[in-house]
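Asks: Prediction below, plus the sequence it came from.
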Amino acid sequence: MLRLWFLLLAGSALSEDVSASYGQNVSFRIGGYTEVEFSTSRQTLMFIKGKPLPADFQGRVSMEDEELRLRGVTFQHQGLYIAYNGEAEKPAATMNLTVTAQTGNLSLPHGVDLSLPLFTAEPVQVLFGSAESTTVLLNSSGLPGPGYEHRVSVQSGSLTLRSLTAADQGNYTVRDCSTNRTISTMSVSVTEEESTTAAGNIVVLIAIVSLLLVACLPLCLGCCLRLRRGNLIDTDQGLPQVNATENGNANSHSPTALQGPSSQTELETSHPAVETDILLPSAGEPSVGAGLEEVHSE
């Protein structure tokens, strides 16, 4: 700690203040230094290149390419980092790291599932706050809160809330149980129902089809009229032939054709007159009519 106070009083040209959100990666430029001292109000740790790291930093800290790299920082990584070579008390590179909560906004449609990152494998508590109240979605034991037993589950470092409704709109807070600090806050809004959206899409589709029909109707009518006019012209051109044929058939079956010659000359030519002798009674002979009258009178 004496070295720390000496360096702080001496000042450093490579000093910087860094603020990172929970879960982000941070790089600290240490140049050619091979040792880094990490100091907080509770502890002081040493990172020495080529030697094992403290337990809280296992798998999270590496020293390479003249950098100290921190992966997925948590509240345990907040503090002062001082790089030095261990041979001389001289100004060194320093980094004062502050870790803050993640914040964000999310808009989801009605009926889908909400996936909320927890950012840590350590015990956390998830709270839901709306305009009316605050409820527990996930308690410190990792169990769903009252009323969420069939909707909340935790898998692969994320909390899933199934089938969002309008009542699920509000702020979701992930809180670290060990420090009681907020890891993240997500503001979630729920949009209109999917069924309403689908109905709107159908209405739009019907409107587009109707416009296409209206646009194509004059063209279709014009094509129909041209086809009909062409058929009428073809019919008119074919009518004389049909009439001539019909007239020929009619003449072959007409009464005149069946009765024979139509003129008297043809009649006389085809049927010569038959001469008949008409006998007239003489003056002294009674006529047939007179004889009949006599019979009636008798």
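Replies: The structure has been received and is ready for your questions.

Asks: What residue spans form the domains of this protein?
Replies: For the chain, automatic domain parsing gives the domain ranges 2-100, 104-193.

Asks: Can you check which of the ones you listed gets nearest to I208?
Replies: Nearest to I208 among the domains of the chain is domain 104-193; the distance by C-beta to C-beta comes to 21.3 Å. The way it works is simple: take the backbone N, C-alpha and C, and place the C-beta from them, glycine included.

Asks: Tabulate the domains of the chain (CSV), appending distance to L227, mean neighbour count and mean pLDDT.
Replies: Output for those, formatted as CSV (distance: least, C-beta to C-beta, whole Å; neighbours: other C-beta atoms under 10 Å; pLDDT from 0 to 100):
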stretch, distance to L227, mean neighbour count, mean pLDDT
domain 2-100, 72, 15, 81
domain 104-193, 49, 15, 93
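
Asks: and the ones you listed as a markdown table, adding distance to A215?
Replies: Formatted as a markdown table, these follow (distance: least, C-beta to C-beta, whole Å):
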| stretch | distance to A215 |
| --- | --- |
| domain 2-100 | 55 |
| domain 104-193 | 31 |
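
Asks: Please identify which of the ones you listed is closest to I206.
Replies: The nearest among these, by C-beta to C-beta, is domain 104-193 at 19.4 Å.

Asks: ok so, going back, I'd like to know which of the domains of the chain is closest to L205.
Replies: Taking those one by one with C-beta to C-beta, domain 104-193 is closest: 18.1 Å.

Asks: where along the chain do the helices fall?
Replies: Under the criterion DSSP state H, helices of the chain are mapped to 2-10, 194-252, 255-259, 264-270, 288-297.

Asks: circling back: so which of the domains of the chain gets nearest L217?
Replies: Closest among the domains of the chain, using C-beta to C-beta: domain 104-193, at 34.8 Å.

Asks: Could you find the closest non-adjacent residue to S153?
Replies: Nearest residue to S153, sequence neighbours excluded (C-beta to C-beta, 6 or more residues apart in numbering): T160, at 5.1 Å.

Asks: beta partners of the one you found?
Replies: Beta-bridge pairing for T160 (DSSP bridges): S115, S153.

Asks: Next: F28.
Replies: Under the criterion used here (DSSP bridges), F28 is bridged to L68.

Asks: hang on, it packs against Y81?
Replies: Yes - using C-beta atoms under 8 Å, F28 is in contact with Y81, at 5.5 Å.

Asks: Could you name every residue contacting both of those two?
Replies: By C-beta atoms under 8 Å, 6 or more residues apart in numbering, F28 and Y81 have these common neighbours: 36, 68, 95, 97.

Asks: Quick one: those residues as JSON lines, columns for distance to Q43 too.
Replies: Shown next, in JSON lines, are those (distance: C-beta to C-beta, whole Å):
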{"residue": "V36", "distance to Q43": "14"}
{"residue": "L68", "distance to Q43": "17"}
{"residue": "M95", "distance to Q43": "17"}
{"residue": "L97", "distance to Q43": "14"}
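
Asks: Pretty sure L108 sits against V188.
Replies: Yes - between L108 and V188 there is a contact at 6.6 Å, judged by C-beta under 8 Å.

Asks: shared neighbours of these two, anything?
Replies: Common neighbours of L108 and V188 (C-beta under 8 Å, 6+ apart) are 114, 164.

Asks: so who does N96 touch?
Replies: 15-18, 79-81.

Asks: what does stretch 49-56 rub up against?
Replies: Here stretch 49-56 has contacts from 34-35, 45, 47, 61, 63, 76-77, using C-beta under 8 Å, 6+ apart.

Asks: go with 6 Å
Replies: Residues outside stretch 49-56 that contact it (C-beta atoms under 6 Å, 6 or more residues apart in numbering): 34, 45, 61, 63, 76.
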